[in-house]
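[1] Sequence first, then the predicted structure:
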Amino acid sequence: MITGLPHRPCPLVLAAPSGTGKTTIAHALVDRFDHFVFSVSATTRPARTGEVDGRDYEFVSRERFRAMIEGDELVEWAEVHGNLYGTPARNLEAAQARGEHVVLDIDVQGAQQIRRRIPEAVLVFIFPPSAETLWTRLTARGTEELDEVRRRLRAGRHELEEAIHFDYIVVNEDLERAVARVRAIVEAESHRPRRILDFGGQVRRLRGEIDGVIRTGDNDSRPSE
Ligand code: ADP
Ligand code: 5GP
């Protein structure tokens, strides 16, 4: 009896204008649900208070970052708000090998590169509920000076133009609702035939069993001598 078919995990890309809440959603998915793992990016940005090297980011020098690019260690990378950020390929490979959904919290340039290099990735654009909310969240987070907040908002204006190229749009007004919607997207994606492991084999096996049931049924219904 089959209760579920084994499937390949989904690399999940979350992108959004800065301050929308994609990091919060990414961490909520990883903390609350089994089989989700966060892709720890490499960055040349200095750590913020409270950020932990290896958990939030792998904080590296520009030289080390360049060496990672040249060594083909990154599946994608981009310059964002004046710093370099990139996704180490080993994160994706390790998650794939363990059958886990890897969550990438990256910018829209990175998302476009992932689309080209990993066609099976699911791209979700997290949409801010309003400009005021973005301003409030960015200033309340307190991690950037006001000039940097303005710079990030201007960048966010451009990033919104790319939203149309994503697979899904989820508004992050209420955090619980947004997390539930992203979780539901991954659940639905996991049921696509192309993600099911050896779906052809599963179909062949079931067809063979159906033939067996038909044969047995024929024998059972034959009058006994
Ligand atoms: P991003 O990763 O998109 O830059 P963050 O995840 O850092 O954004 O969120 C920005 C700020 O907004 C954080 O202080 C976070 O706690 C807060 N936040 C995120 N989602 C919500 C929400 N749905 N409602 C209220 N505050 C939120
Ligand atoms: P922050 O400095 O606020 O942590 O991140 C700034 C921006 O860089 C965010 O949009 C974040 O999603 C993006 N970012 C973080 N890691 C990566 C990465 O590995 N690749 C790319 N392309 N962008 C990233």
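    Okay, I see it. Note that the structure is a prediction, hence the values are computed from the model and not measured. Numbering: from 1, shown residues only. Ligands and ions are numbered 1, 2, ... in the order given.

[2] Get me the contact residues on this protein for ligand 1.
    Counting by Cβ under 6 Å from any ligand atom, the positions of the chain adjacent to ligand 1 are 16, 18-24, 137, 140-141, 172, 174-175. Using the backbone N, CA and C atoms, a C-beta is placed for each residue, glycine as well.

[3] Now do residue 140 against residue 66, distance only.
    Computed with Cβ to Cβ, to the nearest Å, the distance linking residue 140 and residue 66 is 35 Å.

[4] My error: substitute residue 203 in the last question.
    Taking Cβ to Cβ as the measure, residue 203 and residue 66 are separated by 48 Å.

[5] Which residues belonging to the lengthiest helix in the chain are considered buried?
    Longest helix in the chain by number of residues, with DSSP state H as the criterion: helix 199-221. For helix 199-221, the buried set under the neighbour-count rule, 16 or more other Cβ atoms under 10 Å, is empty.

[6] next one: stretch 166-178
    Applying a neighbour-count criterion of 16+ other Cβ under 10 Å, one finds 166, 170, 172, 178 buried in stretch 166-178.

[7] Kindly indicate which of the residues you listed lies nearest ligand 1.
    Using Cβ to the nearest ligand atom, the shortest approach to ligand 1 within the buried residues of stretch 166-178 belongs to residue 172, at 4.8 Å.

[8] got the phi/psi numbers for that closest one?
    phi -100, psi 80 (degrees, to the nearest 10).

[9] circling back: tell me which of the buried residues of stretch 166-178 fall in helices.
    When DSSP H is applied, these are split such that residue 178 fall in helices.

[10] mind putting the buried residues of stretch 166-178 in a markdown table, distance to residue 11 included?
    Putting the buried residues of stretch 166-178 into a markdown table (distance: Cβ to Cβ, whole Å) gives the following:
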| residue | distance to residue 11 |
| --- | --- |
| 166 | 14 |
| 170 | 17 |
| 172 | 20 |
| 178 | 19 |
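
[11] pLDDT for the buried residues of stretch 166-178 - can I get that in JSON lines?
    Conversion of the buried residues of stretch 166-178 to JSON lines gives the following (pLDDT from 0 to 100):
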{"residue": "166", "pLDDT": "98"}
{"residue": "170", "pLDDT": "98"}
{"residue": "172", "pLDDT": "98"}
{"residue": "178", "pLDDT": "98"}
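
[12] can you map out the helices along this structure?
    22-32, 62-70, 89-98, 108-117, 131-141, 146-159, 175-189, 199-221.

[13] and of these, who's closest to residue 2?
    Ranking the helices of the chain by distance to residue 2, with Cβ to Cβ as the measure, places helix 199-221 first at 7.9 Å.

[14] dump the residue contacts of the one residue in the chain that gets nearest to ligand 2.
    The chain approaches ligand 2 most closely through residue 110 (2.4 Å), counting by Cβ to the nearest ligand atom. Applying Cβ atoms under 8 Å, 6 or more residues apart in numbering, one finds that residue 110 lies in contact with 13, 15, 76, 77, 78, 85, 86, 87, 104.

[15] measure residue 96 to ligand 1 for me?
    With the distance defined as Cβ to the nearest ligand atom, to the nearest Å, residue 96 ends up 24 Å from ligand 1.

[16] follow-up on the earlier one: any chance of the helices of the chain in a markdown table, plus distance to residue 43?
    Supplementary listing: those in a markdown table, determined by distance: least, Cβ to Cβ, whole Å:
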| stretch | distance to residue 43 |
| --- | --- |
| helix 22-32 | 13 |
| helix 62-70 | 8 |
| helix 89-98 | 13 |
| helix 108-117 | 12 |
| helix 131-141 | 17 |
| helix 146-159 | 15 |
| helix 175-189 | 23 |
| helix 199-221 | 38 |
